[in-house]
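Chemist: here is a sequence together with a model predicted from it:
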Amino acid sequence: MGDEGGLGWRAQLVPDLQGNESLTKFGNVSDLGKAYVDLEGKASTAIQVPGEKSTDEERATFYNKLGRPEKPEGYEFSRPALPNGWFWSDGMPTEPEALKKAQESGRVIPYDQESEQEFKGLLHSQGFTKAQAQSIYDHYHGKMLKSWQEVESFSKKNSEENDLQLSKLWGTKKQGNVELAHRAFDWACKGLGKEEGEKAAFFLRESGLDGNPILIRLFHLFGTKLSEDSFVSGSQSADRTLRDELGRPRLKFPSMGDK
């Protein structure tokens, strides 16, 4: 068989393919056959990007090939380490004294396992790989820690400013006056009853209002002008003058007269 016009083995093909430039790189039919077999192998492992009309199964196959776990439970997060003295709410110390110290420090970051499971479900539905999921997880909790540290820094600065104001106001009498104001806080909270009193005390403490100079001065005034013995010395005779008909402590404001 001749060269058929310089086409070589391509002369065996239909006229439309004989002049196809992409076939000129193959020296013979065997080379073309090998290339086709290689292409078939690659096609079998190729990732088909889903389109608008793709089925849920096709999308799931696509996501799984990219590295998404088969189920939401397949995401295993490595929780970021916290600086010394900080705790996740589900990783508190078990020893009573250490637990109390941690709780009072204010350095406890809430962690909700139920929310984590919901987060995993969302990530899985959107096709995130394990590495992508961990990256988002780290970013979110890093921002959370930074926010808590900023709150702590603000609270510390605010506390220092409050302390400075009271020092300028009372000088060496500051400590005793603040203690008296805090006893008045406690006394007033107890007057609300156990449950409501605990809520009020928690609110004052967590909001930082128990150190607010205005409230400190106000409750100090209650302690000195009304009946200091009722919440300082515990005098029974004085205490009776500051209880209502149900026996509950009450504050007696000057505007109340003899009521």
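Modeler: Okay, I see it. Numbering: from 1, shown residues only.

Chemist: what are the buried residues along the helix or strand containing F219?
Modeler: Using DSSP states H and E, F219 falls within helix 213-225. Of all the residues in helix 213-225, those buried under the rule 16 or more other CB atoms under 10 Å are 213, 215-217, 219-220, 222-223. Heads up, the C-betas are built off the backbone N, CA and C, glycines and all.

Chemist: in JSON lines, list those along with distance to E179.
Modeler: Formatted as JSON lines, these follow (distance: CB to CB, whole Å):
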{"residue": "P213", "distance to E179": "15"}
{"residue": "L215", "distance to E179": "14"}
{"residue": "I216", "distance to E179": "10"}
{"residue": "R217", "distance to E179": "14"}
{"residue": "F219", "distance to E179": "11"}
{"residue": "H220", "distance to E179": "9"}
{"residue": "F222", "distance to E179": "14"}
{"residue": "G223", "distance to E179": "9"}
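
Chemist: from these, which is closest to Y63?
Modeler: Distances from Y63 to the buried residues of helix 213-225, taken as CB to CB, are shortest for L215 (56.1 Å).

Chemist: next one, pLDDT for that closest one please.
Modeler: As predicted, L215 sits at a pLDDT of 89.

Chemist: tell me the gap between stretch 174-183 and the middle of its chain.
Modeler: Relative to its parent chain, stretch 174-183 has a centroid offset of 36 Å by CA atoms, centre = their mean, to the nearest Å.

Chemist: no no, stretch 210-221
Modeler: 33 Å.

Chemist: what's next to it, contact-wise?
Modeler: 158-159, 162-163, 165-166, 169, 177-178, 180-182, 184-185, 188, 204, 209 (CB atoms under 8 Å, 6 or more residues apart in numbering).

Chemist: list the ones among those that fall in helices.
Modeler: Those of the contacts of stretch 210-221 mapping onto helices are 158-159, 162-163, 165-166, 169, 177-178, 180-182, 184-185, 188, 204, per DSSP state H.

Chemist: of the residues you listed - the most surrounded one?
Modeler: A184 (25 neighbours; other CB atoms under 10 Å).

Chemist: nearest residue to that one other than its sequence neighbours?
Modeler: Once flanking residues are discounted, A184 sits nearest to F219: 4.0 Å by CB to CB, 6 or more residues apart in numbering.

Chemist: how about the helices in this protein?
Modeler: Using DSSP H, helices in the chain cover 15-18, 29-45, 56-66, 96-105, 113-125, 130-170, 174-190, 194-207, 213-225, 228-231, 236-240.

Chemist: name the residues of the fourth one that are buried.
Modeler: Taking 16+ other CB under 10 Å as the basis for neighbour counts, the residues of helix 96-105 that come out buried are A102.

Chemist: can you check the third one too?
Modeler: Residues of helix 56-66 classed as buried by neighbour count (16+ other CB under 10 Å): 60, 62-63.

Chemist: how about the helices of the chain, which one is nearest W88?
Modeler: Taking the helices of the chain one by one with CB to CB, helix 130-170 is closest: 9.3 Å.

Chemist: now do the closest one and helix 56-66, the angle between them.
Modeler: 80 degrees (axes from the mean of the first three to the mean of the last three CA atoms, to 10 degrees).

Chemist: from the rest of the structure, what touches stretch 166-173?
Modeler: Here stretch 166-173 has contacts from 174, 177-178, 213, 216-217, using CB under 8 Å, 6+ apart.
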